[in-house]
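> pasting the structure only:
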């Protein structure tokens, strides 16, 4: 009998000392895969993350499912990008009956107005090439014409939602995530703070890596064409110009004037790379490429990660993959 009591006491002690680790993780929902990865990095083992728009999914055209509503019903915290990125989310929250906190991860980001994104990028990559420079002197600055027509061609609330494309903004996302998780799970605050510190160190290293790689590019080779306008923050942060036939959303229709101005600029020279995006229809870029002879520089991840076996399963992997694609094409 004494032996049995000793075993029971030992078992009770083991349960008491491992109680924290046995605690059920916090159920959290993230609106799309890039944000879900950030939440998982900061939350660690103390969170169970459900991502609504999965890897390789397009949040611009996403249609929520009954499973999404159930995930929100069971969630303790919901994380969204904000900046008018998830136009479908308010309806989903209402339909699910979720009444918990909805955390806007981009809180504190200085948003780029759509017009600002184009002009900042154009200024950062002034000149484009010798041929484009001569065209500008002759009064035929097609890049400026293109930027103006595109800036006024689409309505996304006037704000670029793709703030995560700047690593400095990703730091704000991570900090906001840590604060929200600590409020929902005060006992895990120390763990979240430690995870945040480690993640911020990785982000700082990534930011330095991107700056060094872009700084090595010749100034005249810093103009890029992508499918839709998702890289304004990247361009403004690192000194590249991104032009796109579509607007902020993959739902936008490129106007004939936008496409014509872009084709003229490509024919004038000075844009060494045209990139497809994993969430965008490549047919329009293929048409532009066939009419100009521009080379396809590769595939970029803009609004979604790849699956676990792809080249961009995490935010940091995504940024490194895009950097390698961009510098590889521009440096040729």
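Received, thanks. The shown structure was predicted, so the numbers you read here are calculated from the model rather than taken from an experiment.
> Tell me the secondary structure at the residue nearest to residue 182 when sequence neighbours are not counted.
What sits nearest to residue 182 in space, not counting adjacent residues and going by C-beta to C-beta, 6 or more residues apart in numbering, is residue 189, at 4.1 Å. All C-beta atoms are positioned from the backbone trio N, CA, C, and that covers glycine. Here residue 189 is helix, with the state taken from DSSP: H, G, I helix; E, B strand; the rest coil.
> same check, this time on residue 319
With three-state DSSP as the criterion, residue 319 was assigned helix.
> That one touches residue 210, doesn't it?
Yes. With contact defined as C-beta atoms under 8 Å, residue 319 counts as touching residue 210 (6.9 Å).
> what about the two, which has more around it?
residue 319 (24 against 21; other C-beta atoms under 10 Å).
> any common contacting residues for residue 319 and residue 210?
Contact criterion C-beta atoms under 8 Å, 6 or more residues apart in numbering; residues shared by residue 319 and residue 210: residue 167.
> which residues in the stretch 1-150 of the chain form helices?
With helices called from DSSP state H, counting those that start in this stretch, the stretch 1-150 of the chain shows them at 2-17, 19-22, 33-43, 66-74, 89-96, 114-124, 130-137, 142-151.
> Which of the ones you listed comes out lowest on mean pLDDT?
Ranked by mean pLDDT, the helices of the stretch 1-150 of the chain bottom out at helix 130-137, which scores a mean of 31.
> Would you indicate which residues of stretch 161-174 are buried?
161-167, 169-174 (16 or more other C-beta atoms under 10 Å).
> no no, stretch 95-109
Quick answer for stretch 95-109 (16+ other C-beta under 10 Å): 96, 98, 100, 102, 103, 104, 105, 106, 109.
> can you check stretch 171-185 too?
So, applying 16+ other C-beta under 10 Å, buried residues of stretch 171-185: 171-182, 184-185.
> just the strands in the stretch 151-300 of the chain please.
223-225, 241-243, 273-277, 296-300 (DSSP state E, counting those that start in this stretch).
> possible to save those strands as a markdown table with mean neighbour count, distance to residue 59 and mean pLDDT?
Formatted as a markdown table, the strands of the stretch 151-300 of the chain follow (neighbours: other C-beta atoms under 10 Å; distance: least, C-beta to C-beta, whole Å; pLDDT from 0 to 100):
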| stretch | mean neighbour count | distance to residue 59 | mean pLDDT |
| --- | --- | --- | --- |
| strand 223-225 | 26 | 22 | 82 |
| strand 241-243 | 26 | 19 | 83 |
| strand 273-277 | 22 | 13 | 69 |
| strand 296-300 | 19 | 16 | 77 |
